[in-house]
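>>> the sequence isn't on hand, but the structure is:
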Ligand code: FES
Ligand code: FES
């Protein structure tokens, strides 16, 4: 049976013209008809546009389509948990089908920690609709009332004791008018059996036996392998190249130039020369043998040291206002004892364990792409634009992702594969090496921040000024853009939780001389680093305990609406009446993690505890880290603790795993080397000079507690990351008195 | 002609002797358990066993394996019965899973040479394997669990890899 549903072979029997209506149909994938259920999104939508599907086969197997990409967050399991729970499906009869790129699903962009937030309600409705239909079908067959029939674990039972399995009811259901989804009762929370449990994830067995299929593991079609040598400088072009030696290498079949991108980067390939070969080793050798002369273009002068100075100069003077209350400037102007600090953090590369990779097969009227992509609809768009084909003609099959972290929401690699397939007429797999990944990425922005605060006689912050400047993501979509989008500023800057009558937040412009992109939690990383470090610095100045001072600084329980302070804030797209910025929840995780870590206990010399708390992606998290710093300045992380309030959670073990992993990912900012440029070129190339956390860098214990909450679901994948570097630097200060304001830590502890 | 075994199967190779074993396994044999993560021996995603000992297949030229026994994750056990694989399930170690074949091959080799590694020995033995998803605390715990069950494992003895046991 084909892995994927094919809409053209599906016949819907019923459809309703109202939004949220359940759609039923039969589907003939293979031989057997099956019950299909989906929900219409738009009033005008036809049944064919129903956005999600659950299919019940006559053998009782339930196929649940996951339209989001799997990259370790176990979304495939979570979606199945939600649908199967409401449907009362027996877990051993559940199969997850990976959805292709298709506009009918609505948003498929697996980033922003929002797969559950966006989908939980409609998935519940769909599952509940099927359960309802099963009961109705049984009631009709038996000639009894609906209320006397209940459904549990793939079986409908009548109060008299007779039963029918879901499989036995498949054909009956096809004659029933589907209910309006808002008429279908959802389970009560107390009735959930899969949601909010630690169920084992469905791909675990395949992963531990090596059977999970990542992008480079796609064996059909049998593709030629391409490696691309790309312009080392963004905006650079091929001046000339000599492919003679490369072509002479056994196994090399073709050398193809990929055109330079036009205008703003978007997700276009960088251009360059591709070596197409019969196998990977030949492609690698061919690429080495190729000589290319480059025209570097206007970014050939990019130097990180110089750029750092210009960013720090920008934040040293007044910039455009992002949020303002009271009159921070005049209080600060008068305070000769104010606390002033500059923070700096370099570019980072996401460096997912699986380097970018995609296979493409070009046909005259369509293209098939198999890719490790976070957003197959972006592949449709990018590939379509590159090939001059409508995006609907690009079939994107989503493989498992060996990590994404934002890198794989930018499918330049898929467009390379599709272009090369078009040029050669062959199926092509483009394999990026680690060097390609480190040197040709969409980087986490380099940033500088300047903060000043005036403390009153009790040590409380009475005036606060904070300026941020970073190469903005807007530059990826708009050539030469230097202004950050509010979508970047709202990530931990605009929504600063400090409770003070006088606050001024400003943003300075900065150019981008590299491609800038999202990395797990994005600008929350450097904003939380600066704010949470600064609060600890202020605590020290005020002679207060860091945790107590943090609680006092964010102030009493209340709802903070920053739009009342002249700020442009969209709250991660979440309705502020449903997802308000609730200081009580932030306070709660701080208090909770203080308990977990036994905050305030006496520690041996050289040890210290640090704390940081932050709200991002509508979730609240606080983390405490215990470190040891030796006399020589060697750092060891002993343990960390986190308390997370993400509202309703689907898989408790996944949440814990994400917090543990997101913590270690956050360590990257503190201990990696950062990405630096000289003459427009990235100076790092692989894991020897772009170091990432290893087991020897990581705590072996990360205790996580989830706040049990009925609040609507919020983000999980990203929130654990931003708090980690500031909690670590605060712990380092507690251990040895050394304050880190510039990342990475490097040898600052050795001085 | 270079002769060796892969997961008990005898193989012959007459191509470029500098070809890294990783690409032979992946491209020629369609054994996709060993992954490509760095190509420089820095991440461990490509880890296999050479005569029972963990090796980075991305920097191991095929000329070096003449007469040797290669084991990949596909040959570690029939269907995930190896104590390391079972411990990985028990502790739900994987996130994305991309590094995990390499991690498990490394761990199996570590435990074959030292059935009761200390906390520090586990850290030393495993720090050549990167996991960008950050599953290190779970990997550490899973190895401790596996070390309790590994004694007396009959279906796979790394130092006898390739021999029927
Ligand atoms: S791919 Fe071999 S060590 Fe990284
Ligand atoms: S589980 Fe994703 S890299 Fe290790």
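Arrived safely. Keep in mind the model is a prediction, meaning the values are calculated, not measured. Numbering: from 1, shown residues only, chains lettered A, B, ... in the order given. Ligands and ions are numbered 1, 2, ... in the order given.
>>> would you agree residue A:284 is in contact with residue A:229?
No - contact status for residue A:284 versus residue A:229: not in contact, 11.1 Å apart, counting by Cβ atoms under 8 Å. To be clear about C-beta, it is placed using only N, CA and C from the backbone, and glycine gets the same treatment.
>>> ok, for the residue most central in space within chain A, nearest residue in space, not its chain neighbours?
Geometric centre of chain A, nearest residue: residue A:111, 3.6 Å, by Cα atoms, centre = their mean. Nearest in space to residue A:111, with sequence neighbours left out and distances taken as Cβ to Cβ, 6 or more residues apart in numbering or on different chains, is residue A:409 at 5.0 Å.
>>> can you give me the end-to-end distance of stretch A:178-194?
25 Å (Cα to Cα, to the nearest Å).
>>> rounded mean pLDDT for it, please.
Throughout stretch A:178-194, pLDDT has a mean value of 87.
>>> quick one: is it near chain B?
No - Stretch A:178-194 stays clear of chain B (Cβ under 8 Å from any Cβ of the partner chain), getting no nearer than 15.7 Å.
>>> one more: stretch A:357-369?
No - using Cβ under 8 Å from any Cβ, stretch A:357-369 stays clear of chain B, coming no nearer than 8.7 Å.
>>> buried residues in that stretch?
Using 16 or more other Cβ atoms under 10 Å in any protein chain shown as the test for burial, stretch A:357-369 gives A:357-362, A:367-369.
>>> same deal with stretch A:424-441?
A:424, A:426-441.
>>> spatially central residue in chain B, please.
Mean-position check on chain B, Cα atoms, centre = their mean. Result residue B:105 at 2.4 Å.
>>> in three-state terms, label that residue for me.
What DSSP: H, G, I helix; E, B strand; the rest coil gives for residue B:105 is helix.
>>> re earlier: so the residue nearest to the centre of chain A versus residue A:345, what's the distance?
21 Å (Cβ to Cβ, to the nearest Å).
>>> how about residue A:498?
From residue A:498 over to residue A:345 (counting by Cβ to Cβ), the distance is 20 Å.
>>> which of these two has more residues huddled nearby?
residue A:345 (26 against 18; other Cβ atoms under 10 Å in any protein chain shown).
>>> tell me the contacts of that one?
Contact analysis of residue A:345 by Cβ atoms under 8 Å, 6 or more residues apart in numbering or on different chains lists A:446-447, A:525-526, A:529, A:669, A:674, A:742-743.
>>> who touches the host helix or strand of residue A:551?
Assessed by DSSP states H and E, residue A:551 sits inside helix A:546-554. For helix A:546-554, the surrounding residues in contact (Cβ under 8 Å, 6+ apart) are A:459-461, A:497-499, A:532, A:535-536, A:538-540, A:542, A:544, A:583, A:586-587, A:590-591, A:594, A:599-600, A:610-611, A:613, A:730, A:734.
>>> what residues does chain A have near ligand 2?
A:72, A:353, A:403 (Cβ under 6 Å from any ligand atom).
>>> tell me the helix or strand right after the helix holding residue A:551.
Using DSSP H and E, the first helix or strand after helix A:546-554 is strand A:559-560.
>>> who's in contact with that following strand?
Here strand A:559-560 has contacts from A:495, A:497, A:580-583, using Cβ under 8 Å, 6+ apart.
>>> assign residue A:333 to helix, strand or coil.
Applying three-state DSSP: residue A:333 is helix.
>>> gap between it and ligand 2?
50 Å (Cβ to the nearest ligand atom, to the nearest Å).
>>> residues in contact with residue 91?
Using chain A. A:84, A:194, A:199.
>>> chain B, not that one
Applying Cβ under 8 Å, 6+ apart, the residues contacting residue B:91 are B:138, B:141-142, B:145.
>>> residue contacts, residue A:339?
A:451-455, A:534, A:537-538, A:541.
>>> who wins on neighbours among these?
Counting by other Cβ under 10 Å, top hit in the contacts of residue A:339: residue A:453 with 29 neighbours.
>>> could you look up the SS state of that residue?
strand.
>>> can you tell me which of the contacts of helix A:546-554 are in strands?
Among these, the residues falling in strands (DSSP state E) are A:461, A:610-611, A:613.
>>> farthest pair in those residues?
Across the ones in strands among the contacts of helix A:546-554, no pair lies farther apart than A:461 and A:610, at 19.2 Å, counting by Cβ to Cβ.
>>> what's the helix or strand for the residue in the stretch 401-550 of chain A that chain B sits nearest to?
Taking Cβ to the nearest Cβ, chain B has its nearest neighbour within the stretch 401-550 of chain A at residue A:402, 2.8 Å off. Per DSSP H and E, residue A:402 falls between elements, in no helix or strand.
>>> low-confidence ranges in the chain?
This is for chain A. A:1-52, A:181, A:751 (pLDDT under 70).
>>> wait, I meant chain B there
For chain B, applying pLDDT under 70 flags the ranges B:152-165.
>>> and the strands in it, which stretches?
Going by DSSP E, chain B shows strands at B:2-6, B:9-13, B:47-50, B:53-56, B:69-71.
>>> and for the stretch 101-250 of chain A?
A:149-152, A:155-158, A:163-165, A:224-229, A:237-242 (DSSP state E, counting those that start in this stretch).
>>> which segments of chain B make up each domain?
Domain ranges of chain B: B:2-76, B:83-153, per automatic domain parsing.
>>> tally of neighbours for residue A:701?
Neighbours around residue A:701, by other Cβ under 10 Å: 15.
>>> bridged to the closest residue in space to it that isn't next to it in sequence, which residues?
Leaving aside its sequence neighbours, residue A:701 sits nearest to residue A:639 (Cβ to Cβ, 6+ apart; 4.6 Å). Beta-bridge pairing for residue A:639 (DSSP bridges): residue A:626.
>>> give the contact list for residue A:639.
Counting by Cβ under 8 Å, 6+ apart, residue A:639 has contacts A:625-626, A:699-703.
>>> for ligand 1, what are the nearby residues on chain B?
B:36-39, B:41-46, B:56, B:58.
>>> circling back: could you single out the most deeply buried of the strands of chain B?
strand B:47-50 (a mean of 28; mean count of other Cβ atoms under 10 Å in any protein chain shown).
>>> got a list of contacts for it?
B:21, B:25, B:34, B:54-57, B:60, B:65, B:68-72, B:101-103, B:105-106, B:108-109, B:129, B:158, B:161.
>>> ok so, going back, which of the buried residues of stretch A:357-369 sit farthest apart?
Between all members of the buried residues of stretch A:357-369, the farthest pair (by Cβ to Cβ) comes out as A:357 and A:362, at 17.4 Å.
>>> from the contacts of residue A:339, which single one is nearest residue A:469?
The closest of those to residue A:469 turns out to be residue A:451 (Cβ to Cβ; 12.6 Å).
>>> go ahead and confirm the closest one touches residue A:341.
Yes - judged on Cβ under 8 Å, residue A:451 makes contact with residue A:341 at a distance of 5.3 Å.
>>> overlap in contacts of these two?
What both residue A:451 and residue A:341 touch, as defined by Cβ under 8 Å, 6+ apart, is the set A:530, A:534.
>>> pull out the buried residues from stretch A:484-494.
A:484, A:486-494.
>>> ok, now which ones touch the nearest residue to residue A:346 once chain neighbours are set aside?
Once flanking residues are discounted, residue A:346 sits nearest to residue A:674: 3.1 Å by Cβ to Cβ, 6+ apart. Residues in contact with residue A:674 (Cβ under 8 Å, 6+ apart) are A:345-348, A:743-744.
>>> picking up where we left off before, in helices only, show me the buried residues of stretch A:424-441.
A:424, A:434-439 (DSSP state H).
>>> separation between the residue of the stretch 401-550 of chain A found nearest ligand 1 and residue B:130?
The stretch 401-550 of chain A approaches ligand 1 most closely through residue A:434 (7.5 Å), counting by Cβ to the nearest ligand atom. In this view, residue A:434 and residue B:130 are 10 Å apart by Cβ to Cβ.
>>> anything in contact with each of those two?
In contact with both residue A:434 and residue B:130: A:687, B:37-38, B:42-43, using Cβ under 8 Å, 6+ apart.
>>> alright, calling it a day.
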